[in-house]
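Participant: only geometry, no sequence info:
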């Protein structure tokens, strides 16, 4: 009887190879997921983008503050309510200078600032003080405290030659300092000090400012701060 050795060996190897091939294919199929398989229901395939943070509301720029108009330059002259004295005030560039005199022996020079609302608070020697308020551009109404006494006054807008004048000079060896208020209408009130001694002032020529004191001609000039 013939032995089937080589044939059986070949057949066994073939069967073994088929089995191994089958196992390899089966294993590879189970371990590999199909990249094109649809996602399972209920599972999102896209990441949720973070919500954009809300920008804070932009406030409109503040409206510029209205610019305050400076008080206009001007000259004012008038009399006290009791008609005993005269007051003149000159305003320039936010500054003010004033002169009070009774035309005999009382006088005072005062100065200070002008507030944006047109009010003035001026100070002079010996504690003298003048407070007033500009009303429109027509007049200044206020009080002058001079020599321990209070005088209410009204000073109207003055147009040259009305206004405030002053002259300083040395006359016959004496120091002369004179102040004049030329009122609207032309009337003058003034005081001249000779070495500190006051007296009534002679009239000036308002067109030129010329005045003669103790025989000597000097010139009074308009006063501004």
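Facilitator: Everything's here; your move. Computed from a predicted structure; not experimentally measured.
Participant: Tell me the strands beside the helix or strand hosting residue 98, with direction?
Facilitator: Secondary structure assignment for residue 98, by DSSP states H and E: strand 95-101. Its sheet considered, strand 95-101 pairs with strand 86-92 (antiparallel), strand 107-113 (antiparallel) by DSSP bridges.
Participant: Residue 217 is nearest to which of the ones you listed?
Facilitator: Minimum separation from residue 217 across the strands paired with strand 95-101 (CB to CB) falls at strand 107-113, 22.2 Å. In this view, the C-beta of every residue, glycine as well, is placed from N, C-alpha and C.
Participant: Just the buried positions in that closest one, please.
Facilitator: For strand 107-113, the buried set under the neighbour-count rule, 16 or more other CB atoms under 10 Å, comprises 107-112.
Participant: Reformat those into CSV and put distance to residue 140 and pLDDT next to each item.
Facilitator: CSV is the format used below for those (distance: CB to CB, whole Å; pLDDT from 0 to 100):
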residue, distance to residue 140, pLDDT
107, 18, 98
108, 16, 98
109, 16, 98
110, 13, 98
111, 15, 98
112, 13, 98
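Participant: which two from those end up farthest apart in space?
Facilitator: Across these (CB to CB), the longest gap, 17.4 Å, separates 107 and 112.
Participant: so what's residue 118 closest to, chain neighbours aside?
Facilitator: Excluding the flanking residues, the one nearest residue 118 by CB to CB, 6 or more residues apart in numbering is residue 134, at 3.4 Å.
Participant: quick one: the one you found from residue 213, how far?
Facilitator: Distance from residue 134 to residue 213, counting by CB to CB, to the nearest Å: 34 Å.
Participant: the more surrounded of the two?
Facilitator: More neighbours surround residue 134 than the other of residue 134 and residue 213, with 25 against 19 (other CB atoms under 10 Å).
Participant: quick one: low-confidence parts of this structure?
Facilitator: Scanning the chain for pLDDT under 70 picks out the ranges 1-69.
Participant: quick one, helices of it?
Facilitator: Using DSSP state H, the helices assigned to the chain run over residues 5-31.
Participant: what about residue 101, distance to residue 153?
Facilitator: Taking CB to CB, one finds residue 101 at 12 Å from residue 153.
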